[in-house]
Each structure stands twice: as structure tokens, then as C-alpha cells.
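**Q** Need a 3D model of the following:
(chains A and B)
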Number of protein chains: 2
Amino acid sequence: MSFAQTLSLARPIPSGIPSADDFSVSTAETILNSTDIPEGSVLVKLTALSADPYMRSGVKTGKAGDVIRGFVTGTIVESNGNSSWSVGDTFGAHLPFTSIQVVDPAKTAFGMWPLKNFLTEQNIQLGLGLFGMPGSTAYGGLIDILQPLQGETIFISAASGAVGSLVGLLAKKMYNCRVIGSAGGPEKCKVLLDLGYFDAALDYKQHSTADSLTESLKKAAPDGIDMYFENVGGIHFDAAFRSLRTKGRIAICGCISQYNKGADEPSGNTIDISAMIYTQQRIQGFLCGEYLKGAKLNFFEDIARLYSSGQIKLPSDTVFNGIESWPEGFASLFTGKKMGKVVVKLS
Amino acid sequence: MSFAQTLSLARPIPSGIPSADDFSVSTAETILNSTDIPEGSVLVKLTALSADPYMRSGVKTGKAGDVIRGFVTGTIVESNGNSSWSVGDTFGAHLPFTSIQVVDPAKTAFGMWPLKNFLTEQNIQLGLGLFGMPGSTAYGGLIDILQPLQGETIFISAASGAVGSLVGLLAKKMYNCRVIGSAGGPEKCKVLLDLGYFDAALDYKQHSTADSLTESLKKAAPDGIDMYFENVGGIHFDAAFRSLRTKGRIAICGCISQYNKGADEPSGNTIDISAMIYTQQRIQGFLCGEYLKGAKLNFFEDIARLYSSGQIKLPSDTVFNGIESWPEGFASLFTGKKMGKVVVKLS
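**A** Numbers count the residues shown, from 1 in each chain, chains lettered A, B, ... in the order given. Reported below is the predicted structural model:
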């Protein structure tokens, strides 16, 4: 007999930065009995939970009692006739935040992907970052959506985050790009430059208008940018769009500056579509699903090769411990009090 | 000895619909002497001039005396050692509007493309439409930029124009799309439906707001549209963007509603980029150059095959005669008093 813990929404959060009071943790007995597992399903124990900015939209419209769902890592405890999964295997998946649960791998939104070939118990949290959603987002967004040419200039917002930092690394290692990132505050900007693959770092906290941010970007890229990897929105988009060269591309990955806004607060960016004709520019939104599932490109193989060759140096994760600390980890995404990937480890 | 006529700008036209007074025609003696033709160059006589909406931006910023440049058809009168061109060959090109001139084919913006295999003296004006810039724009914009899937729904603005009508035809013949077009007035809408490949026609003159146009588009496409081929801008863009389904694409080809605006008049469209993430939508501006030059796809071969199989039925051209009638033809693009391709024949 074990106890499973579940994280739920205590109330909808229409606007503002979420706090611990907005969530609740419940505990229930779980009887680990093989007869309770349908054929083809597995019993799993979660080892880490992810906190990602995109989750802000789910809790905006959710209702009290909704179980939080997100990306996790875990270990197989029992397998009822599923030949792909054995006891002790580690995996990544998108699941409800319940520490022990029965899962039908065929019915999860993104499937379950094995991590045992890439990671150990010690670094299993990379299954939430480099070998998970952020990794596949950075990888697919750069290679498939932005389609870099060797030596082009790329601007990345929220560049000290889990996705942004990896975009910068891949742009430098794979395409020898000039890499410019934005981050909040001088400390994060220094971390970016210390990583070795960012050529310039902009402190966006120094800028409250698109004009000002454009000016700063112009100093880092006097001839403009070829690509923009969007994680922030707002004036970041405006500054990047104004700085975009002929045949420039923008990949819309996230919009963190907009997520905590209420439905009645203005959002949206103005673009001059007639100018886009002669510049042949492209703006494209995208999700990581196809890359994570392997429907397009070869995410796990390519990243594993880079990882095992020692070429991947990323900002340190920000780690929290215990399911009850997840709300604090989630809030840190929006207050700027974190670096790299936010991970909540379960004991 | 011959007389060459040249069309020039009489004054800049910052805003409004251009008129005949804004242009001037000059005549000069031309001595047809082989020794005046540099090696590799050709002496040509133009047979038809194109009037296209994109030319509005050139005359906006031009100065008095600037020779108008645009797409033309012509015939080779003499060739000084250029093995690609013989006397009597017909061609399409982008040249100054001077009826007789010496041309170095290697130095023209889009090259010169042969028309003798496709067209006769009688239908040479197709070199300005189907076998020219509008044809390659429709072809490349649909196939390369929008990348249709079989059976998808496409919305095309200015659908009775030279580009829009061909987009509709290709979308139906090649991809069996549901094809919806907008045009100005009931007469043009009837012409669209009579072509046989438009499933629905919207009279945009019935709509002065994006809300109203969106409502009308919703009736023609209750489940939304997969693709939008933009020729107009303004509320057309807004209505199309709001109607775009998941994985929807917009190709920005033209923006005729904006071309006559002055620099001080507001322009631009508002997009919610955060919504574009989950919908994985794309907005892309493009030009025809790569398709016309054969750097991408096989424009001339593919169009010639369709043409010779009798599958191409387009709206009738609107024809003007004589270089001095070009300003009237050009103005007709913006007043809506024309159908199909506007062509100015030279005697």
C-alpha cells in the first residue's frame, strides 16, 4: 500500500501571478495490485514535475478541483503485458500530476518516451528539459520553423530560460549563427555571455518601450536580424519585427509577457503586412508535438549525440522539492526569480 | 529610322488614384544600327505593357522624369551575337517603358523569358498574365507558400484579378480545394461563379467592417478557412485571419487597399501572436522572382501543360491601346473598373 499525492487547481486564476493558495495537494491510498492494471497499461511512479510558462493558459480557464497536467518524468513500477515497458524503465510523458498512477501509454497526449538510454537516476530531470518538451521545442523551432542558413543572425527572447538557452546553443553549434539573447537583469545577461555561445545579451528590464528595445537590438545587430525566436511577446515582438531583414523569419514559441493578463486587458501586435511582401518575411506559430513524437526530424537521436559529445552547456536548473512546492516553482517563471529549467523533484 | 516612345512620371503621386496628368509620353528618334548594339545585347520592340497594382509604390516615391518600368512583352529586332535570342523571337521581361530599346538580357532584373514556344502574335498578351508575373505569382504563392493539402478551403481576395483568378483555378484543378473569392460588385461575383472553379463569391462592397466581412466569410466557410491568398489588405486581412483554422496559412501577395494611402494615413493590422502558437498558423510575404526565373518549381512547364490541355479558363483581359493609354489602364486597377489582366497593347 502506498500514498499517491495529487496537485489540483483550488480556483481559476484569470489574471496575475499564481500563488500557492491557488492550488491544493490531496493524498489518497493507492493499492499496488497487478489486477488493477488493464492489459497494456503500466503502473508508474513520477520522479519529477515540470513547471512551464505555457501552463498559465490552462489554469486561466480551469475550475476548482481540476487536476494539473503537465510534463513529468517517472519510473515503471509494474507493466501488464506492455512489451515496450519493463519494471524500472524511466520515461518522459505529459500526465496528470498524481505521484502514482496507472497509465495507458497509447492514450497519452504525446506518448511516453524512454529515457533509460540517455539519462541516469541522477540526471533524470533532463527529461523535463533537454530531453523533453523544452528541448524538442528549441530543436524543432530552430531547425524546422526558422530554417537557419550558416552564419545568420538570430535574436532570442527569454534566452536564459530552458528553451531560449538551448536555441542559442543549437544556433551556434549547428549553424554558426551570431546569437543575441534578451534576459531580465545584469546577472542573467552575464550568465548568458558566460555560456560561450551568446555573442550579445540585452537586459530587457532596461527597456519599457519598443523604440528603446529596438535601439538596443540595433547596437547588437547593426545590420538587423535574420531570425527571431519569440518567447515573450509585447514590445519584444515589435522590436524584433522592426529589426527583421529581408527574408527574415519569426518563430512564435511563447508569449510570457501576455500570459498573466486578464481577458479585458489589451493584447496584440500591429504588423504592416504590405511591407512583408517585399521583405518576403514569415511569422509562424508552432508546437513541439511533432518533434517530440518523432513525426518530423530526429530529436532524441540528434540531441543525444550532442549531449554525449559534451557539447551541451546550459544554465543550471532551478530545482524545487516536493509536489507542494510546485506552485512556488510555477510562480518563479513569471517573477523572473529563476534560471534555466524549473524542475520539481518528487522523493 | 524609327521613333521610340517613352512613358515617364510627370510628378510624384504620394496618395490617391493616379491620373493621366501624372504621366508624360515623349518621342525620340531611334536609329536602328547594328553598331549601336553592344555584343551580347539585343534590340527589341515592345508589343505590350503591363499595368499592375504593385507599381503604385514605385510612383509614390519616384520623381518627375523617372521612366516607368514594368513587365512587358516584345520581339527581338536585332541580336548582336547573343546565341539565346534570334530575330523575331518573342519574350517577356521587366524593362523601362520605351517602345524600342537595346537590352542586355543578362542584366535585366528578372532575365528575359522566351514566349515563342507557348504563345503566338495573337495571344502574346498572355505573356503579361498567365505566362508572366501574375501567373508565376499565383503559381508560386499557392504551391510553395500556401502548400495546399487536397480538399482544403482557400479564400482569395481580389479574385477577379489576374493573380486571384489563377490562384482559384490552380487550387481547384491541382488540389480540389473549396475555393472562395471576393470581388467588388455583383457583376464581378457572377463572373467568378461562371468561371466554374469558384464555389462561393463574396461582394466586398457590401462590407465596410471586418466584423461584417467575417460574418459573410463564415457563411461561405462555416468551419473556417485553411488558406488565405492576400491581394487586398485592410479588413480583408482581419476577416481572413479571424477565420483561419488550425495550421492555417496566409500568403501576402498584395495589399491594393493600402497602395493609394499617403504616408501619414494609418495602416497595419493587429494580430494576436500568442493565439498563433496553439493554432500553428503562418503568415508569409513573397515575391514571384524565384518562380519566374525557374530557381524554384517549374512554372513555365507546368503552366504550359495546363494551358495546352485546355484547362485554363480565366476572366477576359481588360485591354487598352497605345502607350498613352497606360495611365488610364493603371487607374482602372484601383477604381475597380476592370476585370482580369490589364494590358496595354502597342502597335
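**Q** Surely A:C288 is in contact with A:G132?
**A** No. Taking C-beta atoms under 8 Å as the definition, A:C288 is not a contact partner of A:G132, at 9.0 Å. Glycine gets a C-beta too; all of them are placed from N, C-alpha and C.
**Q** neighbour-wise, which of those two wins?
**A** Higher neighbour count among A:C288 and A:G132: A:G132, with 28 against 22, using other C-beta atoms under 10 Å in any protein chain shown.
**Q** Not counting residues beside it along the chain, what's closest to that one?
**A** A:G92 (5.0 Å; C-beta to C-beta, 6 or more residues apart in numbering or on different chains).
**Q** Spit out the contact partners of the one you found.
**A** Listed by C-beta atoms under 8 Å, 6 or more residues apart in numbering or on different chains, the contact set of A:G92 reads A:71-73, A:112-113, A:115, A:127-128, A:131-132.
**Q** In a helix, it, correct?
**A** No. With DSSP: H, G, I helix; E, B strand; the rest coil as the criterion, A:G92 is assigned strand and is not in a helix.
**Q** partners of the longest strand belonging to chain A, with directions?
**A** As assigned by DSSP state E, the longest strand anywhere in chain A is strand A:69-79. Here strand A:69-79 is paired, per DSSP bridges, with strand A:42-50 (antiparallel), strand A:90-96 (antiparallel).
**Q** Go through those and pick out the most buried.
**A** Stretch with highest mean neighbour count among these: strand A:42-50 (a mean of 24; mean count of other C-beta atoms under 10 Å in any protein chain shown).
**Q** and A:G140, helix, strand or coil?
**A** Applying three-state DSSP: A:G140 is helix.
**Q** How many neighbouring residues does it have?
**A** Count around A:G140 with other C-beta under 10 Å applied: 23.
**Q** thought it was touching A:N298?
**A** No. Using C-beta under 8 Å, A:G140 is not in contact with A:N298, being 10.8 Å away.
**Q** What values do phi and psi take at A:V342?
**A** phi -90, psi 120 (degrees, to the nearest 10).
**Q** can you count the residues close to it?
**A** So A:V342, with other C-beta under 10 Å, has 26 neighbours.
**Q** just A:F198 next, same as before
**A** 25.
**Q** Could you tell me what pLDDT the model assigned to it?
**A** pLDDT for A:F198: 98.
**Q** In space, what's closest to the residue nearest the centre of chain A - neighbours in sequence excluded?
**A** What sits nearest the mean C-alpha location of chain A, by C-alpha atoms, centre = their mean, is A:P134, with 3.6 Å. For A:P134, ignoring the flanking residues on the chain, the nearest one in space by C-beta to C-beta, 6+ apart is A:A162 at 3.9 Å.
**Q** Break down the stretch 101-250 of chain A into its strands, ranges please.
**A** A:113-114, A:153-156, A:178-183, A:200-203, A:225-230, A:244-252 (DSSP state E, counting those that start in this stretch).
**Q** did I read that right, A:V25 in a strand?
**A** Yes. A:V25 forms part of a strand when assessed by three-state DSSP.
**Q** these two touch, right, it and A:T6?
**A** Yes. Using C-beta under 8 Å, A:V25 makes contact with A:T6 at a distance of 7.1 Å.
**Q** Between the two, which contacts overlap?
**A** With C-beta under 8 Å, 6+ apart, A:V25 and A:T6 have no common neighbours.
**Q** Going by the annotation, which residue ranges form each domain of chain A?
**A** As recorded under automatic domain parsing, the domains making up chain A are A:2-130+A:316-345, A:133-289.
**Q** Please list the residues outside the helix or strand of chain A with the lowest mean pLDDT that contact it.
**A** Within chain A, no helix or strand scores below helix A:56-61, which has a mean of 87 by mean pLDDT, DSSP states H and E. Here helix A:56-61 makes contact (C-beta under 8 Å, 6+ apart) with A:9, A:12-15, A:18, A:22, A:68-69, A:256, A:259-260, A:334.
**Q** Generate JSON lines for the residues you listed, with secondary structure and neighbour count as supplementary columns.
**A** Shown next, in JSON lines, are these (DSSP: H, G, I helix; E, B strand; the rest coil; neighbours: other C-beta atoms under 10 Å in any protein chain shown):
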{"residue": "A:L9", "secondary structure": "strand", "neighbour count": "19"}
{"residue": "A:P12", "secondary structure": "coil", "neighbour count": "13"}
{"residue": "A:I13", "secondary structure": "coil", "neighbour count": "20"}
{"residue": "A:P14", "secondary structure": "coil", "neighbour count": "13"}
{"residue": "A:S15", "secondary structure": "coil", "neighbour count": "12"}
{"residue": "A:P18", "secondary structure": "coil", "neighbour count": "20"}
{"residue": "A:D22", "secondary structure": "helix", "neighbour count": "18"}
{"residue": "A:I68", "secondary structure": "coil", "neighbour count": "22"}
{"residue": "A:R69", "secondary structure": "strand", "neighbour count": "16"}
{"residue": "A:I256", "secondary structure": "coil", "neighbour count": "23"}
{"residue": "A:Y259", "secondary structure": "coil", "neighbour count": "20"}
{"residue": "A:N260", "secondary structure": "coil", "neighbour count": "17"}
{"residue": "A:F334", "secondary structure": "helix", "neighbour count": "17"}
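**Q** what residues does the stretch 151-300 of chain A put near chain B?
**A** Counting by C-beta under 8 Å from any C-beta of the partner chain, the positions of the stretch 151-300 of chain A adjacent to chain B are A:230, A:233, A:237, A:252-255, A:258-259, A:267-287.
**Q** And the buried ones among those, selectable in PyMOL?
**A** One line in PyMOL is enough to select the buried members of these, burial here meaning 16 or more other C-beta atoms under 10 Å in any protein chain shown:
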select buried, chain A and resi 230+233+237+252+253+254+255+258+259+267+268+269+271+272+273+274+275+276+277+279+280+281+282+283+284+285+286+287
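**Q** Now intersect the residues of the stretch 151-300 of chain A next to chain B with the helices, please.
**A** Using DSSP state H, A:237, A:273-279 are the members of these that sit in helices.
**Q** For B:G181, which of the strands of the stretch 101-250 of chain A is the nearest?
**A** Smallest distance to B:G181 across the strands of the stretch 101-250 of chain A (C-beta to C-beta): 29.0 Å, for strand A:244-252.
**Q** Starting from that closest one, tell me which strands it pairs with and how they run.
**A** With DSSP bridges as the test, strand A:244-252 is paired with strand A:225-230 (parallel), strand A:282-285 (parallel).
**Q** contacting residues around the closest residue to A:R242 other than its chain neighbours?
**A** Nearest residue to A:R242 in three dimensions, chain neighbours excluded: A:T214, at 5.1 Å (C-beta to C-beta, 6+ apart). By C-beta under 8 Å, 6+ apart, the residues touching A:T214 are A:238-239, A:242-243.
**Q** if you set the cut-off to 7 Å instead, what comes out?
**A** Neighbouring residues of A:T214 by C-beta atoms under 7 Å, 6 or more residues apart in numbering or on different chains: A:239, A:242-243.
**Q** Make TSV out of those residues and add neighbour count, distance to A:K293 and pLDDT.
**A** Shown next, in TSV, are the contacts of A:T214 (neighbours: other C-beta atoms under 10 Å in any protein chain shown; distance: C-beta to C-beta, whole Å; pLDDT from 0 to 100):
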residue	neighbour count	distance to A:K293	pLDDT
A:A239	28	34	98
A:R242	16	36	97
A:S243	22	34	98
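**Q** Among those, which are located in helices?
**A** A:239, A:242-243.
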